[in-house]
Structure formats: structure tokens, C-alpha cells
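Participant: Any chance you can model this:
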Amino acid sequence: MKKIILIILLIASFGVCAQSFGEYSIEHEFHQVGVFNPQWEIDHVLNPVKYEHLTGYFRDELAGVIFSAVEQKRVKIYNERKREISLDSVINNIIAFEKEHFNITVGKDSIFSYIKKYVSAYQFEEFVDYNYKNVSISKKIKAYCPYLVRYKAFNGEKNDSVQLPLFWIFPEDGNIENDVERFYIYDTVLSLHELKYPVQMPFASSLFSKIKNGEVKAFKINGEEFPTKKDIDNLFFIENNFVVYDEDTGVEVSQKSYSDIVPEDIIAIRIGENWSINPNTLEIFKSVQYYLPLYKYDEEHFSQLGVRIYNKSQK
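Facilitator: Next comes the predicted model:
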């Protein structure tokens with residue numbers, strides 16, 4: 001009798017696990033997110049293709065919160081291998097970096113106030129929860145590293161900047177009280193995530209199915225509503241224009257062809273998220289607001305499917 005009960009419990013446990021796997025997948029991922037947008041700073045034109053965005057105030061304040069805790073040694077700092085490093089070693093690296101690339105000598109006492117405005121990227125180690133059932137996304141930050149980014153030119157080339165990783169923060173290692181008001185960043189940070197196996201197919205397939213069946217409301221990429229259901233259906237087709245030569249008439253004729261966009265074409269998403277930070281523990285929280293499915297149409301660029309999906313309870 002005991003064996004039968006044990007078998008039943010094992011079967012039930014397996015069923016729960018299978019159902020759970022069918023609803024979500026938590027992936028361990030690394031992302032470097034830039035938060036400095038030269039086009040915005042110079043021309044007041046937002047270009048989220050290359051740069052993510054935080055206005056100068058929030059960008060500087062976020063760096064200031066982190067530096068304050070590090071300088072006062074309220075948190076420990078590490079290298080990428082999670083070995084503790086000293087504050088002096090970080091300062092010496094920054095001084096050498098500025099001297100090498102810009103021939104600028106920075107004093108030790110003013111080093112953090114000097115570089116605060118140049119902390120323009122963050123490398124995150126995070127767990128991303130892709131929920132297949134309601135196609136929502138959530139994140140849990142394990143660790144992160146602020147980057148000093150210095151631009152030599154704003155020409156859009158890959159070599160227009162030099163970067164220095166400063167130190168890694170592992171907030172879960174802190175023993176400081178967590179009951180403190182967070183510093184909230186109200187700009188929306190746009191973060192590009194490539195979808196990889198095993199997330200890509202079940203997540204994209206569920207997304208397509210729920211959009212087409214009206215189970216998830218899809219908005220235009222600017223947040224406006226679609227006039228009709230047909231406008232949404234038309235997004236799943238690609239119109240191709242090409243020219244053929246008519247040998248009989250000797251005239252080139254323009255023609256069109258259509259192809260379906262299928263779930264496996266969706267290989268990335270652009271996520272719009274708001275950040276906040278606990279100034280004591282330096283734990284960063286990300287609240288996902290919406291995402292834009294992307295498909296690749298050539299070797300270097302992504303094209304938007306044309307829909308914005310708001311995260312659960314956001315709209």
C-alpha cells in the first residue's frame with residue numbers, strides 16, 4: 001500500500017513540475033546595458049537602436065548612490081570572479097585609464113566626483129523569468145558592474161569609445177537592513193535581449209497564439225491601440241518588392257510577394273523597464289513595463305514585429 005501511495009505522489013509531483021515548466025522558464029543571463037545616449041545629449045534625438053537611455057540627472061544620481069556606499073565601505077566590492085578587491089585598486093585603475101587614453105591626471109580625492117557623469121553602462125548578471133502562460137517577463141538581479149565609458153567621438157562607430165569595468169556588486173552578500181526607501185529611476189531603459197534555446201520557441205509560439213486569438217492585447221509600438229483586428233493580422237506578413245524583366249516587352253516590371261512571419265523568426269525582444277536601487281544594500285530592482293518582439297531581416301539589424309506588449313498589470 002505504501003508503495004502505491006509513493007508512486008501516486010511521484011506521478012503527481014512530476015505532473016506539477018511538467019505544468020510549471022510549461023508556464024515559465026527562468027534563464028540565467030548576462031546583459032550589458034548602456035545608459036548614455038550621445039544623440040539625446042547633443043541633438044535631443046533619442047536613438048534606442050544603439051544606445052539605451054537615462055537622462056543626465058538619473059544617470060548621475062544612480063552612480064552617486066553606488067559610489068557613496070562604496071566609498072564609505074558599507075558594501076564590499078569584487079572582481080568578476082567574485083574575489084574581493086580594495087577601493088585603492090579601483091582608484092588606481094581609474095587614474096591609469098584616464099592618463100593612458102586622455103592624458104588627464106586625476107587626484108585620488110576627487111576621482112569619484114570626476115567620473116560620476118561618465119558611468120554610462122552596466123553589466124548585469126540576472127535571472128529572467130519568461131512566463132509562457134501570460135507572456136510576461138520579470139527579472140531578478142544577482143550582480144552588476146558599473147562601467148566608465150569615455151567617448152572619443154560621437155560618430156556611431158564601434159571604436160568611438162573606451163570602457164573600463166569598475167567593480168562588481170553582489171547585493172545578496174550584504175547584512176544591512178533592507179527597510180529603506182529606494183531611489184527610483186523614472187526614465188524607461190530600453191534593453192535588448194536575444195532569445196535563445198530553450199526560451200525562444202515556446203515563448204514566441206505562445207506570444208503569436210495569444211495575439212492572434214485576442215488573449216493578449218497588442219498595441220502599436222508607440223503604445224496606441226490598433227484600429228481593427230485585421231491591422232494586427234497584417235503584421236504577421238512581410239511584403240517583398242522586387243523587379244522582374246519582361247523579355248517580351250523589354251520592360252522592367254515591379255512585383256510583390258508575401259511571406260509569413262513565424263515564431264522562430266522572433267529571435268530578440270527590446271524590453272522597456274524602470275529601475276530602482278536600495279541605497280544601503282545597493283540592490284538594483286528592474287520593473288519590466290513592456291517589450292517589443294524583433295525579428296532579424298539582415299546580418300546587422302533587427303526589425304520590429306510592430307507590436308508593443310505590456311507586461312502583466314501594466315496596462
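
Participant: Tell me the residue in the protein that is farthest from the middle.
Facilitator: The C-alpha centroid of the chain is most remote from Asp248, which lies 54.0 Å away (Cα atoms, centre = their mean).

Participant: for that residue, helix, strand, or coil?
Facilitator: Here Asp248 is coil, with the state taken from DSSP: H, G, I helix; E, B strand; the rest coil.

Participant: OK, contacts around it?
Facilitator: Under the criterion of Cβ atoms under 8 Å, 6 or more residues apart in numbering, Asp248 has no contact partners. Heads up, the C-betas are built off the backbone N, CA and C, glycines and all.

Participant: so for stretch 90-103, what's the average pLDDT?
Facilitator: Averaging pLDDT along stretch 90-103 gives 94.

Participant: So the residue lying closest to Val65 once chain neighbours are set aside, which state does it fall into?
Facilitator: For Val65, ignoring the flanking residues on the chain, the nearest one in space by Cβ to Cβ, 6 or more residues apart in numbering is Pro279 at 5.0 Å. When classified by three-state DSSP, Pro279 comes out as coil.

Participant: How about the contacts made by the closest residue to Ser68 other than its chain neighbours?
Facilitator: Once flanking residues are discounted, Ser68 sits nearest to Pro279: 7.4 Å by Cβ to Cβ, 6+ apart. Taking Cβ under 8 Å, 6+ apart, we find Pro279 in contact with 65, 68-69, 180, 182-183.

Participant: most neighbours, which of those residues?
Facilitator: Counting neighbours by other Cβ atoms under 10 Å, Ala69 comes out on top of those with 21 neighbours.

Participant: contacting residues around that one?
Facilitator: 75, 279-280, 282.

Participant: Against Ile169, how distant is it?
Facilitator: 9 Å (Cβ to Cβ, to the nearest Å).

Participant: Overlap in contacts, these two.
Facilitator: 75, 282.

Participant: still on that earlier bit, and the contacts of Ala69, which two are furthest apart?
Facilitator: Within the contacts of Ala69, Val75 and Pro279 form the most distant pair, 10.3 Å apart (Cβ to Cβ).

Participant: could I get the contacts of Ala69 as CSV with distance to Leu192 and pLDDT?
Facilitator: Formatted as CSV, those follow (distance: Cβ to Cβ, whole Å; pLDDT from 0 to 100):
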residue, distance to Leu192, pLDDT
Val75, 29, 93
Pro279, 28, 94
Asn280, 31, 91
Leu282, 24, 95
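
Participant: Going by distance to Asn92, which of the residues you listed wins?
Facilitator: Of all these, Asn92 sits closest to Val75, with 19.6 Å by Cβ to Cβ.
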